[in-house]
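Q: Need coordinates for the below:
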Amino acid sequence: MFDLENPGASDVLIVIDPQVDFCPGGALAVPGGDEPMGLINALAERFAHVVLTQDWHPPGHISFASSHGAEPFSTTALPYGEQVLWPDHCVQGQVGAAFHPAIERGALVRAELILRKGYHPTVDSYSAFFENDRSTCTGLSGYLRERGLRRCVFVGLAQDYCVRYSAEDALAGGFEAIVVADATRAIDPAGGTAALQSLGAKGALII
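A: Numbering: from 1, shown residues only. Predicted structure coming up:
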């Protein structure tokens, strides 16, 4: 039984991409993306273990629509499958790649690990565990196992992409997965609802 008020020693809060570009005014703004930041900080205070992920793309990344002369949110076929083409976002060293200011003052202070993803120029990365080619590991699974962390509690952005894929991969990797729905937001609300339903069907706990 999981108690969000009193997380255990083997529980880890994984805060997915709480970055400026995913918040209102950012290059790839998630509607209401800044709204969960206070709750995320409050949750981080309860956990002995906190991990943050950070989207960290080089200029000209393969997932950028501008790299293909295409319209943002169109799709293209890449060697690892269909890829949504995004506006340029979370470019290494730029303001949009920084953590949201509230997170800088809150959950970031509690973080034991900051995991950067999406830095390979030729493959995108939604999940905190694997790049989108589904074969390149980020190393998070090994880190969690070596630390004895078995239950992953997911919050952050965006519910229908990086949160979803991270939780799915946690389950596939033998971890327990919990999503705190109020501490996430979706790019597309319908997609977010579908993501939570799919995760619940696969064994994740949605709270």
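Q: Please, where are all the strands along the protein?
A: Chain-ordered strands for the chain, with DSSP state E as the definition, fall at 11-16, 50-55, 75-78, 81-84, 113-117, 151-157, 176-185, 205-206.
Q: Which of those strands has the highest mean neighbour count?
A: Most buried of the strands of the chain by mean neighbour count (mean count of other C-beta atoms under 10 Å) is strand 11-16; its value is a mean of 28. No exception for glycine: its C-beta is placed from N, CA and C like everyone else's.
Q: Just checking: what are the partner strands of that one?
A: strand 50-55 (parallel), strand 151-157 (parallel) (DSSP bridges).
Q: As TSV, the ones you listed with distance to residue 74 and mean pLDDT would be great.
A: Supplementary listing: those in TSV, determined by distance: least, C-beta to C-beta, whole Å; pLDDT from 0 to 100:
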stretch	distance to residue 74	mean pLDDT
strand 50-55	20	98
strand 151-157	21	98
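Q: Would you reformat the ones you listed as CSV and include distance to residue 195?
A: Shown next, in CSV, are those (distance: least, C-beta to C-beta, whole Å):
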stretch, distance to residue 195
strand 50-55, 17
strand 151-157, 11
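Q: which residues sit in contact with residue 152?
A: Residues counted as contacts of residue 152 (C-beta atoms under 8 Å, 6 or more residues apart in numbering) are 12, 14, 144, 166, 167, 170, 175, 176, 177, 178.
Q: and if we set it to 10 Å?
A: Going by C-beta atoms under 10 Å, 6 or more residues apart in numbering, residue 152 touches 11-14, 49, 51, 128-129, 140, 144, 166-167, 169-171, 173, 175-179, 204.
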